[in-house]
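Participant: When you get a sec, could you give me coordinates for this:
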Amino acid sequence: MDLPSLALILRAAALSPNPDERKASEQQLNQLQHTPQHLVRLLQIVVDGNCDMAVRQIASIQFKNFIAKNWAPVDSGEQPRILQSDKELVRDNVLVYVTQVPTLLRSQLGECLKTIIYADYPEQWPRLLDWVKYNFQNQQIYGALFVLRILSRKYEFKSDEERTPVSRIVEETFPVLLTIFNGLIQIENPSLEIAEFMKLICKIFWSSIYLELPKQLADPNVFNAWMLLFLTVSERPVPVEGQPMDPELRKSWGWWKVKKWTVHILNRLYSRFGDPKLQTLENKPFAQMFQKTYAGRILEGHLNFLNTIRLGGYIPDRVTNLLLQYLSNSISKNSMYSLLLPRLDVLLFEIVFPLMCFNDSDQKLWEEDPHEYVRKGYNIIEDLYSPRTASMDFVNELVQKRGKENLPKFVQFVVGIFRSYDEAPAEHKPYRQKDGAMLAVGALCDKLKKTEPYKSELEHMLVQHIFPEFSSPAGHLRAKAAWVAGQYAHINFSDQNNFRKALHSVVSGMRDPDLPVRIDSVFALRSFVEACKEFFKLMNEVENEDLVFTLETIVDKFGEEMAPFAFGLCQNLAAAFWRCLNTSEAGDDSDDMGALAAVGCLRAISTILESVSSLPQLFVEIEPTILPIMQKMLTTDGHDVFEEVLEIASYMTFYSPTISLDIWSLWPLLVEALVDWAIDFFPNILVPMDNFISRGTAHFLTCKEPDYQQSLFNVLSTLMTDRNIEDSDVESAPKLIEVVFQNCKGQVDQWVEPYLRLTVDRLQRAETSYLKSLLIQVVANMLYYNPALTLGVLHNTGLGSTVFDLWFQMLQQKKKSGLAANFKREHDKKVCCLGLTSLLALPGGQFPDEALQRVFRATLDLLVAYKNQIAEAAKEAEVDYENEMNGLDSDDEDDDGSDGEMGMDDTEDGDEAESMRLKKLAAQASDAQRFQNLNQSLDFTYQAFANGIAHHAEVRRVEIEKEKQKKAAEAAGAPVPAI
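Facilitator: Purely as a prediction, here's the structure:
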């Protein structure tokens with residue numbers, strides 16, 4: 001098809017007012033998309049300057065979508081949909097045109113280029129880096145930078161061997177980049193185009209050093225050359241001329257972007273590579289050099305830059321946030337703090353504190369878009385860009401790490417503001433400063449609550465300076481009063497009337513005319529109810545309607561004391577939920593709290609159910625009240641509350657004495673949602689489905705209308721075979737298969753082959769090591785369920801050797817630290833042990849002796865690792881307990897310990913259980929001599945492992961027997977006999 005004809009079809013498909021014509025054109029495009037040269041023709045239309053811009057834009061979107069879907073199919077065995085010749089033409093031409101088309105089209109082509117580079121470089125596109133270098137040499141700088149930015153970003157979050165190409169990229173392009181960067185900085189009165197060049201260089205550098213510093217940059221001379229340029233840009237004022245007046249455009253202005261990325265890089269170098277305490281022995285010299293040579297100068301430059309705010313100048317919020325982050329990181333380091341100290345008072349009281357105060361932007365948003373004001377206040381992403389959050393973090397870090405000299409003067413400063421506010425006449429009261437002082441008091445609550453003399457003065461401070469603002473004419477002070485009151489709700493009030501007064505004020509705030517006040521009051525009320533020891537008395541004092549419209553007014557601290565009220569509370573909350581839902585669906589603007597309160601009602605019901613979990617009979621009484629909510633909201637009607645409803649369903653299926661037939665009616669809803677639209681909620685759906693199978697096993701196995709076994713297989717088959725579903729989205733599927741075979745021992749033989757084939761098929765396509773581990777554990781569970789049957793199916797698939805090779809390979813993989821790279825949790829190791837030891841019981845001939853030796857060694861390795869992990873976890877628990885008692889927090893981020901995974905019986909210690917199983921299997925083996933030969937074939941190390949595990953298991957067996965006898969004797973009131 002010629003280009004004009006294709007352009008006409010594109011126009012009709014997107015812009016025709018006639019729906020029939022649009023549909024016909026779309027069908028034509030679908031028929032054309034896999035024809036040779038179609039992709040090339042689309043690109044020709046995109047870059048044709050004589051073609052209508054609307055058609056070019058439509059073509060660019062078609063081009064981008066087709067490449068995203070078909071350039072690198074997920075299944076390597078799938079028939080390619082793009083001819084290799086077309087791919088080569090696209091690769092050669094997209095590089096040329098991506099920087100020549102208008103910005104509107106460049107973003108689409110940039111996405112295409114990203115897809116192609118991520119898929120093809122370096123294997124299928126080895127000349128790409130040569131193209132970049134060639135364009136640098138021929139002064140086609142922007143195109144080279146644009147492409148190099150995409151290329152470097154591919155490796156931004158890669159580590160270890162996956163970062164190997166970065167070394168070549170840095171080695172071959174960074175010397176040129178350094179020269180270009182240096183030349184750009186020398187230009188007088190540079191244009192915005194120069195800013196774009198500098199921004200791209202910064203982003204390339206950022207991606208290349210984000211996780212690891214390339215060895216080429218660790219060279220002191222090279223690193224110093226780069227640092228001098230970054231410091232120059234950081235310290236140089238941003239041009240005043242040309243800055244947009246519009247705030248949104250101004251913060252995105254090219255030169256401010258350059259400033260942001262420069263500060264970002266300096267911060268990253270400091271936090272990631274510049275702290276000697278955080279570095280390995282190998283990297284410590286570099287960190288010491290950075291600390292000595294650059295850290296102080298960066299600090300000085302940041303302080304000078306922040307002084308712009310004090311003088312009334314402009315700095316974008318994100319840049320201010322980054323500057324303060326650097327200063328916060330410097331507080332704990334003595335050398336840096338000594339540099340900060342002479343300017344600390346000016347910084348703290350004239351820059352940081354004003355940033356904490358309510359400002360013009362806040363006022364504008366409060367008045368014009370209160371919903372956006374609330375969203376920003378409770379959005380964690382906004383915190384990354386907020387100067388206010390960074391200011392609070394700075395103050396917190398200062399009083400935590402250097403509190404002795406700084407806390408008293410900061411508190412004195414805040415008290416001075418409170419006094420000035422009290423003394424000023426109404427028309428001249430510093431409302432905004434008072435707001436900042438209240439924010440400071442709330443932010444420092446953890447420190448003030450445990451530090452004398454402030455601790456004993458908190459109640460007086462609240463009564464005198466915070467609670468009066470509940471009736472302030474300034475809405476932002478009413479909201480701040482509710483928030484601060486919530487922060488301090490847990491202190492011991494000497495006068496309970498003060499607590500009640502604050503609680504009544506917070507409840508009244510839920511009827512405030514200003515939305516932000518109502519929202520802050522809702523969240524504050526939760527803290528009050530958590531702190532309240534006489535909750536049910538307060539319910540009689542406070543209007544019940546107010547309580548049921550909060551997010552979480554009931555908490556589990558009341559435990560079984562809630563039992564007499566649980567049924568009534570659930571009825572009230574259910575009724576309130578239906579009212580809120582009706583209000584929200586009606587779109588009644590008079591109650592913009594409807595949707596939020598509906599979520600709050602469901603969370604409150606969940607909290608009640610958790611609180612009475614030890615009283616299963618209550619669940620039977622509550623079920624009729626909340627079943628209609630679950631039945632309606634587990635459909636698309638409940639998309640916005642789906643997670644909350646799933647939590648309620650999880651409690652009902654877990655804590656009820658039995659799962660009723662009415663509750664079983666939820667199963668089809670869960671299955672339908674999972675297939676149609678709720679894949680993102682799979683981990684949440686997993687919990688009630690696990691409960692249905694594990695607690696309602698008999699009904700799950702015997703019921704045929706509906707056939708739960710078949711429906712489960714259908715949904716898991718649909719999800720696991722869908723090539724468009726990412727590994728991370730399907731991780732719950734193997735966990736559900738595991739639940740079936742662990743709970744239905746000997747009763748689901750007919751499902752071994754279908755599930756095993758499904759598992760092996762997905763295993764062949766799995767990319768992430770975690771999904772591979774989960775799928776291997778399905779195989780292990782099936783071996784434990786029926787080793788002979790499972791081996792037979794694996795043999796029939798022809799993939800048995802492949803599966804076992806992958807299994808043993810993953811068992812042997814180690815991280816750089818020497819820890820296991822896969823099967824990290826206690827649960828993973830136990831499942832693998834159960835599967836592998838099941839093979840030892842098979843009669844001779846069913847499993848080759850050489851393979852059995854491999855199995856035996858792997859099992860011993862697992863048992864030793866499991867035993868060590870149990871001991872390490874016990875030791876860490878002891879340390880954590882001591883730290884908790886001493887007021888210290890643990891900083892561990894990686895927890896490879898037991899996660900209490902469902903389905904497995906964790907009542908026995910795994911190593912001794914597996915070792916005892918090993919002994920029993922040895923005794924039961926059809927060929928005892930074979931087993932003995934197997935044991936003797938081990939080398940000295942593995943024989944030592946076996947003896948150590950056997951000894952440990954025997955010791956634990958005696959201990960467990962003693963514990964059982966002790967429990968039995970205590971139950972019977974008899975003395976414990978000696979063993």
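Participant: Below-threshold pLDDT in the chain: ranges please.
Facilitator: For the chain, the stretches with pLDDT under 70 are 74-78, 529-565, 583-597, 844-845, 849, 877-938, 940, 971-979.
Participant: Have a look at it and report its longest helix.
Facilitator: Determined from DSSP state H, the single longest helix within the chain is helix 849-885.
Participant: and that one, what other elements does it pack with?
Facilitator: If contacts are counted by 3 or more C-beta pairs under 8 Å, 6 or more residues apart in numbering; DSSP states H and E, helix 849-885 sits against helix 800-812, helix 826-840, helix 910-924, helix 928-936, helix 940-972. The way it works is simple: take the backbone N, C-alpha and C, and place the C-beta from them, glycine included.
Participant: can you give me the helices for the stretch 101-250 of the chain?
Facilitator: 103-120, 128-137, 141-153, 164-186, 192-209, 220-235, 247-251 (DSSP state H, counting those that start in this stretch).
Participant: Format these as a markdown table; extra columns: distance to Gln28 and mean neighbour count.
Facilitator: Shown next, in a markdown table, are the helices of the stretch 101-250 of the chain (distance: least, C-beta to C-beta, whole Å; neighbours: other C-beta atoms under 10 Å):
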| stretch | distance to Gln28 | mean neighbour count |
| --- | --- | --- |
| helix 103-120 | 21 | 18 |
| helix 128-137 | 34 | 17 |
| helix 141-153 | 32 | 22 |
| helix 164-186 | 41 | 16 |
| helix 192-209 | 39 | 21 |
| helix 220-235 | 52 | 16 |
| helix 247-251 | 41 | 12 |
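Participant: Export the ones you listed to CSV and append columns for distance to Val958.
Facilitator: Putting the helices of the stretch 101-250 of the chain into CSV (distance: least, C-beta to C-beta, whole Å) gives the following:
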stretch, distance to Val958
helix 103-120, 58
helix 128-137, 66
helix 141-153, 59
helix 164-186, 53
helix 192-209, 56
helix 220-235, 61
helix 247-251, 70
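Participant: for those helices, which one sits closest to Asn786?
Facilitator: helix 103-120 (41.7 Å; C-beta to C-beta).
Participant: residues contacting Pro244?
Facilitator: By C-beta atoms under 8 Å, 6 or more residues apart in numbering, Pro244 lies in contact with Arg250, Trp253.
Participant: should've said Val855
Facilitator: Contacts of Val855 (C-beta under 8 Å, 6+ apart): Leu836, Leu839, Leu840, Phe847.
Participant: From those residues, list the buried ones, please.
Facilitator: Among the contacts of Val855, those scoring as buried are Leu836, Leu839, Leu840, Phe847 (criterion: 16 or more other C-beta atoms under 10 Å).
Participant: you'd agree the last one is up against Gly792?
Facilitator: This points to Phe847. No: counting by C-beta atoms under 8 Å, Phe847 sits too far from Gly792 to count as a contact (11.5 Å).
Participant: what about Ile960, neighbour count?
Facilitator: 15 (other C-beta atoms under 10 Å).
Participant: For Ile870, see how far away it is.
Facilitator: Distance, Ile960 to Ile870, using C-beta to C-beta, to the nearest Å: 14 Å.
Participant: Not counting its neighbours along the chain, what's nearest Ala489?
Facilitator: The shortest distance from Ala489 to any residue other than its chain neighbours is 4.0 Å, reached at Ser527 (C-beta to C-beta, 6 or more residues apart in numbering).
Participant: so the one you found sits in a helix?
Facilitator: Yes: when DSSP: H, G, I helix; E, B strand; the rest coil is applied, Ser527 is found to be in a helix.
Participant: my guess is it meets Gln487, correct?
Facilitator: Yes: checked against C-beta under 8 Å, the pair Ser527 and Gln487 is within contact range at 7.3 Å.
Participant: And these two? Which one has more around it.
Facilitator: Set side by side, Ser527 and Gln487 show more neighbours around Gln487, with 22 against 18, by other C-beta under 10 Å.
Participant: was I right about that one contacting Leu444?
Facilitator: No: if you go by C-beta under 8 Å, Gln487 and Leu444 don't touch, sitting 9.4 Å apart.
Participant: Could you pull up the residues touching the residue nearest to Ile180 when sequence neighbours are not counted?
Facilitator: In space, and not counting its chain neighbours, Ile180 is closest to Ile141: 6.3 Å by C-beta to C-beta, 6+ apart. By C-beta under 8 Å, 6+ apart, the contact list for Ile141 reads Asn135, Ile180, Phe197.
Participant: if you set the cut-off to 10 Å instead, what comes out?
Facilitator: Counting by C-beta atoms under 10 Å, 6 or more residues apart in numbering, Ile141 touches Thr99, Asn135, Val176, Leu177, Ile180, Gly183, Leu184, Phe197, Leu200, Ile201.
Participant: Check Ala851 too.
Facilitator: Ala851 sits next to Gly800, Ser801, Phe804, Phe808, Leu839 when contact means C-beta under 10 Å, 6+ apart.
Participant: out of the residues you listed, which one sits closest to Arg825?
Facilitator: Lowest distance from Arg825 to these (C-beta to C-beta) belongs to Phe808, with 18.8 Å.
Participant: Just give the number of residues close to the closest one.
Facilitator: By the criterion of other C-beta under 10 Å, Phe808 has 16 neighbours.
Participant: and what of Phe528?
Facilitator: Phe528 has 24 neighbouring residues, counting by other C-beta under 10 Å.
Participant: Distance of it relative to Gln710?
Facilitator: Between Phe528 and Gln710 the distance is 51 Å, computed by C-beta to C-beta.
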